[in-house]
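> Have a look at this fold, sequence not included:
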Ligand code: ING
C-alpha cells in the first residue's frame, strides 16, 4: 500500500510591525481553508510566522522583545488555528517565537511545532543554527540579531510518526547545514518542514545576493536528495519593514526535484501529492547508509584530517 500524503506550503507575504496577531491568524486561517480545498492533509507555515521578523532590528527594551513571543501555544490568539485544523481535519506546521519558563528562568527560542488533524501538538523543534550576531551594528541597512534574541535550541533534531509517515523540522539557517538533514535522515525521516525568513540582501556578503534563490533551492534540494526525503520550504516573503525577503516556497521530492514552487512574494498556497515511498529506491541503493556509510570510515577520515599537513 503506497504511503501518500498531500502537503501544502502556505507562504506568507510581509507582516508589518503594527499588524496584530488576530490579523495574521486570519491570514493563516484563510490559507488553511484554501489548502484544505486544494486537497491538502497538512499545511506548513513559515518561520516566526505570527509577527514581523523582529531580529532585523535592534532594541534593548525587554518588554518590546517579549511582545514578539508567545507565552503559551496554543494561546488565546492562536487557538483558532487549532480549532479550525480540528474542524477541517488537517494537520499543520507552525513557526513562532517561544517564551519558555520550564527551566526556572525566562528562555527565548525560535521554535516550530507539528500539529495533527485533531489539533494536538505532536512535535516541537527549537532552532539550532542561529545566524547573524548579538551586538548592535547600526551601520547596516538591517541586522540579524537572532543570536541576541534567541537561545540555541535544546531539543536536537527530532522526528515523529505523523501524517502517515515520519516527519521532522528544521528552521531557516539550519537548511544551509547538511548536518540538519543528516541527523533526521539517520532517523528515517520521510518529510522535513523548513520555514524561513531570508533577506535578498546579505549585508556581510553583498556579492552573494544574486545567488540567494539558487542557494535556497540548492540547500534544500541537496538535503532532500542526500537523505532520500521530501523537503517543504516555506517563506515569509516580500518587502517587510524595509527588508526585501526572498520567496520561492517549494516542495521538493526525495530525488531532489522541485515539484511545486510559489510564483509570488505574497500569501500563496502551493500543494503536492507526495509519495512517501519515493525515497525508498534511493535509501536501498545510492544512499544505503548501512553498507555505504560506515562509521569506522569517518573515524579514520577525522583522524587523518585532524593531522597537521604531512608536508
Ligand atoms: N535567515 C537567513 C537564512 O539563513 C542568512 C540568514 C541569509 C544567512 C543568507 C546566510 C545567508 O536564510 C534566517 N532567519 O536564518
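Looks like it arrived, so ask away. Here the structure is a predicted model, which means the values were calculated and not measured. Residues are numbered from 1 along each chain as shown.
> which element follows the longest helix seen in the chain toward the C-terminus?
Using DSSP state H, we find that the single longest helix of the chain is helix 21-37. Note on helix 21-37: by DSSP states H and E, the next helix or strand toward the C-terminus is strand 42-44.
> Could you list the low-pLDDT ranges of the stretch 51-200 of the chain?
Along the stretch 51-200 of the chain, no part satisfies pLDDT under 70.
> Helices of that one, start to end?
62-66, 79-88, 146-149, 178-185 (DSSP state H, counting those that start in this stretch).
> got it, and the stretch 201-311 of the chain?
Remark: helices assigned in the stretch 201-311 of the chain by DSSP H, counting those that start in this stretch are 212-226, 280-283, 289-292, 295-306.
> which one of those lies closest to residue 98?
Proximity of the helices of the stretch 201-311 of the chain to residue 98 was assessed by CB to CB; the nearest stretch is helix 212-226, lying at 23.7 Å. From N, CA and C alone the C-beta is placed, and that goes for glycine too.
> so which residue of the stretch 201-311 of the chain comes closest to the ligand?
Closest residue of the stretch 201-311 of the chain to the ligand, CB to the nearest ligand atom: residue 202 (4.8 Å).
> from the helices of the stretch 201-311 of the chain, which stretch is densest packed?
Mean neighbours per residue, mean count of other CB atoms under 10 Å, is largest over the helices of the stretch 201-311 of the chain for helix 212-226, with a mean of 19.
> can you tell if stretch 213-223 touches the ligand?
No. Judged by CB under 6 Å from any ligand atom, stretch 213-223 stays clear of the ligand, getting no closer than 7.1 Å.
> any idea of the mean pLDDT in that stretch?
In this model, stretch 213-223 carries a mean pLDDT of 98.
> In the stretch 1-150 of the chain, what residue lies closest to the ligand?
For the stretch 1-150 of the chain, CB to the nearest ligand atom, closest residue to the ligand: residue 131, 4.2 Å.
> quick one, phi/psi of that residue?
For residue 131, the backbone dihedrals are phi -80, psi -180 (criterion: degrees, to the nearest 10).
> check contacts around the nearest residue to residue 137 once chain neighbours are set aside.
In this structure, residue 137 finds its nearest non-sequential neighbour in residue 143, 5.4 Å apart by CB to CB, 6 or more residues apart in numbering. Residues in contact with residue 143 (CB atoms under 8 Å, 6 or more residues apart in numbering) are 55, 56, 57, 58, 132, 133, 136, 137, 203.
> same deal with residue 251?
Going by CB under 8 Å, 6+ apart, residue 251 touches 7, 9, 230-233, 258-261, 270-272, 274.
> Same question for residue 123.
Going by CB under 8 Å, 6+ apart, residue 123 touches 113, 114, 158, 159, 160, 162, 167, 169.
> That one and residue 222: what is the separation?
Using CB to CB, to the nearest Å, residue 123 is found at 24 Å from residue 222.
> cool, and residue 26?
36 Å.
> same question, residue 250
Applying CB to CB, the value for residue 250 to residue 222 is 13 Å.
> before we move on, the earlier item: format the helices of the stretch 51-200 of the chain as TSV; extra columns: distance to residue 18 and mean neighbour count.
TSV is the format used below for the helices of the stretch 51-200 of the chain (distance: least, CB to CB, whole Å; neighbours: other CB atoms under 10 Å):
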stretch	distance to residue 18	mean neighbour count
helix 62-66	13	12
helix 79-88	21	17
helix 146-149	19	20
helix 178-185	34	20
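> could the ones you listed go into a markdown table alongside distance to residue 193?
Below are the helices of the stretch 51-200 of the chain laid out as a markdown table (distance: least, CB to CB, whole Å):
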| stretch | distance to residue 193 |
| --- | --- |
| helix 62-66 | 26 |
| helix 79-88 | 15 |
| helix 146-149 | 19 |
| helix 178-185 | 11 |
